[in-house]
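# Only the shape, not the letters, is given here:
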């Protein structure tokens, strides 16, 4: 979906744990991680303060969580299929790779709990414990995914810089990450990435044509407006 930017210096965005030096431009990875952190901050703020009876907002939050979970699933599926096996083939620390891959599985029950809670609240048929359990699930997901993203940035990306070259990274992106997206998925994913990018981050995007960047700006603004209606004062940046 996005190619490396060939930026001369590693990208640093809010919340990022590390940016190890090396031959590979990891800007795309860091921007996707920033998007996950942005979304989780918004959900963590919106879910506790949304009244149980506000079905309109719960429906919006449920649909928005589906987008978040879909991007996360595609991202991790691409890593599991392409990145970790290539690093293992190149001799990267097997214990470190196993730990990173296991963390993907640790997220599944938390994602399922958030999805179920949001759908129940959106349907309006809930037990007294549904809202507090959802709040706890969102907090747990934010903490667990946040720790995983930091682990990838501090350890996983060091392994990438030690064992891969730019051509390897481009091949993983082309053959395993980008292929997770069907053509009809791309507009939503591009808008998701570009919604509220930190100042200066856009220059790290390398898109195949200037028209794609222009379209991404429009899609990002539309996503940002939609998110403002969904999250309100909980919209993360």
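Noted; the coordinates are in hand. None of the values given here were measured: they were computed from a predicted structure.

# just to confirm, which helix or strand has the spatially most central residue of the chain in it?
Most central in the chain under CA atoms, centre = their mean is residue 36, positioned 3.5 Å from the mean C-alpha point. Following DSSP states H and E, one finds residue 36 within helix 27-49.

# Give the buried residues for that helix.
Within helix 27-49, the residues that qualify as buried are 27-47, counting by 16 or more other CB atoms under 10 Å. To be clear about C-beta, it is placed using only N, CA and C from the backbone, and glycine gets the same treatment.

# quick check: longest helix of the chain.
Secondary structure of the chain per DSSP state H: the longest helix is helix 94-123.

# what's the spacing between residue 86 and residue 76?
As judged by CB to CB, to the nearest Å, residue 86 and residue 76 stand 15 Å apart.

# now residue 228
28 Å.

# which of those two has more neighbours?
More crowded of residue 228 and residue 76, by other CB atoms under 10 Å: residue 76, with 20 against 14.

# show me the contacts for that one.
Contacts for residue 76 were tallied using CB atoms under 8 Å, 6 or more residues apart in numbering; they are 104, 107.

# what about 6 Å?
Residues near residue 76 by CB atoms under 6 Å, 6 or more residues apart in numbering: residue 104.

# Check which helix or strand it maps to.
Take DSSP H and E as the rule and residue 76 turns out to sit in helix 55-78.

# okay, the angle between that helix and helix 27-49?
Interaxial angle of helix 55-78 relative to helix 27-49 (axes from the mean of the first three to the mean of the last three CA atoms, to 10 degrees): 150 degrees.

# Averaged pLDDT, helix 55-78. What do you get?
With pLDDT averaged residue by residue, helix 55-78 scores 97.

# Name the residues of that helix that are buried.
By 16+ other CB under 10 Å, the buried positions in helix 55-78 come out as 57-62, 64-65, 67-72, 74-76, 78.

# Give the buried residues for whatever helix or strand comes next after it.
Downstream of helix 55-78, the next assigned helix or strand under DSSP H and E is helix 84-89. Neighbour-count burial for helix 84-89, counted by 16+ other CB under 10 Å, picks out 84, 86-88.

# Then stretch 106-122?
For stretch 106-122, by 16+ other CB under 10 Å, it's 107, 110-111, 113-115, 117-118, 120-122.

# Give me the below-cutoff pLDDT ranges for the protein.
In the predicted model, the chain carries pLDDT under 70 at residues 1-9, 233-237.

# just to revisit the earlier point, which strands and helices lie in contact with the helix holding residue 36?
helix 130-151 (3 or more CB pairs under 6 Å, 6 or more residues apart in numbering; DSSP states H and E).

# Report the inter-axis angle for the helix it packs on versus helix 55-78.
Going by the same axes, to 10 degrees, helix 130-151 is angled at 30 degrees with respect to helix 55-78.

# Need the contact partners of the following helix or strand past helix 130-151.
Later in the chain than helix 130-151, the nearest helix or strand by DSSP H and E is helix 157-163. Helix 157-163 has contacts (CB under 6 Å, 6+ apart) with 20, 22, 24, 26, 87, 90, 92.
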